[in-house]
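> Show me how the following folds:
(chains A and B)
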There are 2 protein chains.
Amino acid sequence: MGSLAPTPTPAALDASTINFTPSTTLRPVPEIGSPEEKSHSYCTDHMLTVRWTVETGWQTPEIRPFENLSIPPTASCLHYATECFEGMKAYRGYDGKLRLFRPDCNGERLANSAVRTSLPGFGAGEVKKLVGRLLQIDGPRWLPKDKPGRFLYIRPTVIGNGTQLGVQAPKEALLFIIAVPWPDMSSNPSGLKLLASSPDTIRAWPGGFGYAKLGANYGPSLAAHGLATGQGFDQVLWLFGEERQVTEAGASNFFIVWENKQGRRELVTASLENQLILPGVTRRSVLELARERLASASATGLAPVDVVERPFTIAEVEEAWKEGRIVEAFVSGTAYFIAPVQIIRNGDVDMNMLEAGVERAGYAAQIKAWLGAIMYGKEEHEWGYVIENEDGR
Amino acid sequence: MGSLAPTPTPAALDASTINFTPSTTLRPVPEIGSPEEKSHSYCTDHMLTVRWTVETGWQTPEIRPFENLSIPPTASCLHYATECFEGMKAYRGYDGKLRLFRPDCNGERLANSAVRTSLPGFGAGEVKKLVGRLLQIDGPRWLPKDKPGRFLYIRPTVIGNGTQLGVQAPKEALLFIIAVPWPDMSSNPSGLKLLASSPDTIRAWPGGFGYAKLGANYGPSLAAHGLATGQGFDQVLWLFGEERQVTEAGASNFFIVWENKQGRRELVTASLENQLILPGVTRRSVLELARERLASASATGLAPVDVVERPFTIAEVEEAWKEGRIVEAFVSGTAYFIAPVQIIRNGDVDMNMLEAGVERAGYAAQIKAWLGAIMYGKEEHEWGYVIENEDGR
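Numbering: from 1, shown residues only, chains lettered A, B, ... in the order given. Here you go, the predicted structure:
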């Protein structure tokens, strides 16, 4: 410090020192259901930023008043989509504590995504510390302790913000973290309506980047999403390949519970092979909880299920639906959490997942309850990461 | 004007009125070969911007001093890659005139790209007028009339810059145009070295967006590009599919001249079917000139060639190379213009395109000369779009 000697090796991302410039004008916290909340863009009072250059590495993180970014018109992120992000939530528990859910999974995926689009990597464990520091500051006011059960959406993002029109890996980058009040999208009582994609629009491909949370996976998919919502659907159910494999639903992972042809009850989701689909943190947690708590007869009263990760096709779904073997379908993700699926339209076939042949069994509701208990501190669990020292500015 | 009544329908992009705020501090114009030129990011004195919102449509274009953009951290373009661009050049002719090359082709492709990533469309013909107005202002100083044969690189870009973390089509956008001194990358005397991509990395896929000039095509390809340049290659030769089709070279189109098995000389490039490759303006011009001027014996002294657009594989290239049937290979694009290919490495096979069996015939050099004559006003041609009224502020 104070020395002008050049740094010999680029510095690693280090959350142990974070500079803080408090905002002098605090924003009103929006009410649940308010237009500000529904805007998905009304952020808390502060943001966290960390600059990186290829020469210096990661610089000291800063928390400062939320404001627009000053970005050169030649910046890599505006032309070459050198950008990736994570979706996380911070939960105000019924014990008054503030928690993240498996934040190291998000940190690891963000680092993997960054490398996939030639942005700098970092130690995955630093992300939860950075998010935690931001929430020590903005958590108490934006998620008051006397209002448990609420959450904030957290968006860590990495962009290539250097001046660089030449097509090459970014030489400058910015990691920033913002926190946003977000509507609860898991409580659609009637369930989601999914429109299966047509063969002329494909979200991802083997050898591509469907497994990484890159901006490049989203912009090109908005047109199909817009066509689906224009027809009254909530999300696209993305199919892949000539065999029409079921991959993801919008930006969520897709699960189906059915009885297989041998009469065994299965919880099925697409496998991660081929790197086609996003390895969701909620997806992984659903699978782990189901294997642990639903594989054999239990206190839940739910019939045991086999947990199956494998490629499966929309034709298999349709066959099971026609034969009355569907139990339920749901999606998982940070934005939608666990949300039941009502309708899947594939071509001219509308499959109602709620009025399927087998009585509705409530697996999604049970898994959602288990996850919620961990997130909101009703169950002590290693997946809940408590943010200590709130107000400890 | 002056009315507060709401606009009934969103306005179309209209280049007939452009507001102009001159810069008060003009920047030094960099020398050829200077670090500023090689930075690919040292822009001219002014930039053009046009705002769009879903309610108002396109607003009045503005030309103003070059400066950073103020972008919300929640902007769609930073998270969802809602961004697309064009590469064009402005040429200072030997007749003193300033020209664009087929700018309506770029305008049309930019509009197509915008729609592919759910950004607003516009009349393709407006783009050349916007670029023209910017060059009326910055052309005289940055491309002096007494220094013919120089060019500026022009980068029209559209980004979704509204505050919008929800995954949906942008409700606000910005079209901006910047102009940048750019090194001449077509004069590598030894020719380009291309590394054929491995099966685990593909650039584009059927049903995807390889045909659109989206940022999403670039960021995810930088890793493979970096691996190639780290091994001394200039570009990746992108192969696709189990049959290893040859598609593009880096961000350029790829051409090969060979004698086919029946002994006929062919100019071959990948076809546009499947929407895998970018429909290059230079590619199209190469094909049109070749069909017009190289299909039969001519004053050039070059043997006639059949012009062939079809899917072809790296195995076909390798077979032709082994059998001594290669005449030459080259790439085309705005950045590289027409540049010969020296080496193609596919796996452990290095194919030298300059020392192939057939004597080198100079098709690329001839086509480059024809195109250059049009760009720099040595040949009057409808593809050259003259920018009138320079200094007509």
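> What residues does A:Thr21 make contact with?
Contacts for A:Thr21 (CB atoms under 8 Å, 6 or more residues apart in numbering or on different chains) come out as A:Glu62, A:Ile63, A:Arg64, A:Pro65. (C-beta placed from N, C-alpha, C; glycine too.)
> nope, A:Ile177 is what I was after
Here A:Ile177 is in contact with A:Met47, A:Leu48, A:Thr49, A:Leu130, A:Val131, A:Leu134, A:Ile154, A:Arg155, A:Pro156, A:Thr157 (CB under 8 Å, 6+ apart).
> swap the cut-off to 10 Å and go again
A:46-50, A:61, A:63, A:85-86, A:88, A:127, A:130-131, A:133-135, A:154-157, B:73 (CB atoms under 10 Å, 6 or more residues apart in numbering or on different chains).
> A:Met375 now?
A:89-93, A:99-102, A:149, A:151, A:337, A:381, A:383-384.
> From these, which land in strands?
With strands taken from DSSP state E, the overlap with these comprises A:Lys89, A:Ala90, A:Tyr91, A:Arg92, A:Arg99, A:Leu100, A:Phe101, A:Phe151, A:Phe337, A:Gly384.
> Which one among these sits at the bottom for pLDDT?
Lowest in pLDDT among the ones in strands among the contacts of A:Met375 is A:Phe337, which has 93.
> A:Arg293 contacts A:Ser285, correct?
No. Using CB atoms under 10 Å, A:Arg293 is not in contact with A:Ser285, being 11.6 Å away.
> Quick check: neighbours shared by these two?
With CB under 10 Å, 6+ apart as the test, A:Arg293 and A:Ser285 both reach A:Ile367, A:Trp370.
> Between these two, tell me which one has more neighbours.
More crowded of A:Arg293 and A:Ser285, by other CB atoms under 10 Å in any protein chain shown: A:Ser285, with 20 against 16.
> ok, and the closest non-adjacent residue to that one?
A:Leu371 (6.3 Å; CB to CB, 6 or more residues apart in numbering or on different chains).
> Can you name the residues that contact A:Thr17?
A:Thr60, A:Pro61.
> I should have written A:Ile367 there, sorry.
Counted by CB under 10 Å, 6+ apart, A:Ile367 has contacts A:255, A:267, A:282, A:285-287, A:289-290, A:293-294, A:302, A:330, A:332, A:338.
> Let me have those residues in CSV, adding pLDDT as columns.
Output for these, formatted as CSV (pLDDT from 0 to 100):
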residue, pLDDT
A:Phe255, 98
A:Leu267, 97
A:Thr282, 97
A:Ser285, 98
A:Val286, 98
A:Leu287, 98
A:Leu289, 97
A:Ala290, 96
A:Arg293, 95
A:Leu294, 93
A:Leu302, 90
A:Phe330, 96
A:Ser332, 97
A:Ile338, 94
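> Quick check: the farthest pair among those residues?
Based on CB to CB, the longest span within the contacts of A:Ile367 runs between A:Thr282 and A:Leu302 and measures 19.2 Å.
> These two: which has the busier surroundings?
A direct count of neighbours by other CB under 10 Å for A:Thr282 and A:Leu302 places A:Thr282 higher, at 24 against 19.
> related to what we said a few turns ago, from the contacts of A:Ile177, which land in strands?
Using DSSP E, the contacts of A:Ile177 in strands are A:His46, A:Met47, A:Leu48, A:Thr49, A:Val50, A:Ile63, A:Phe85, A:Met88, A:Ile154, A:Arg155, A:Pro156, A:Thr157.
> Which elements pack onto the lowest-mean-pLDDT helix or strand in chain A?
Every helix and strand in chain A was compared by mean pLDDT, DSSP states H and E; the lowest is helix A:35-38, with a mean of 89. With contacts taken as 3 or more CB pairs under 10 Å, 6 or more residues apart in numbering or on different chains; DSSP states H and E, helix A:35-38 sits against strand A:172-181.
> pLDDT of the strand it packs on, averaged?
Mean predicted lDDT for strand A:172-181 stands at 97.
> Could you list every helix and strand in contact with the helix or strand following that strand?
Counting by DSSP states H and E, the next helix or strand C-terminal to strand A:172-181 is strand A:192-196. Applying 3+ CB pairs under 10 Å, 6+ apart, one finds that strand A:192-196 contacts helix A:222-230, strand A:235-240, strand A:245-249, strand A:252-259, helix A:314-322, strand A:326-333, strand A:337-346, strand A:349-352.
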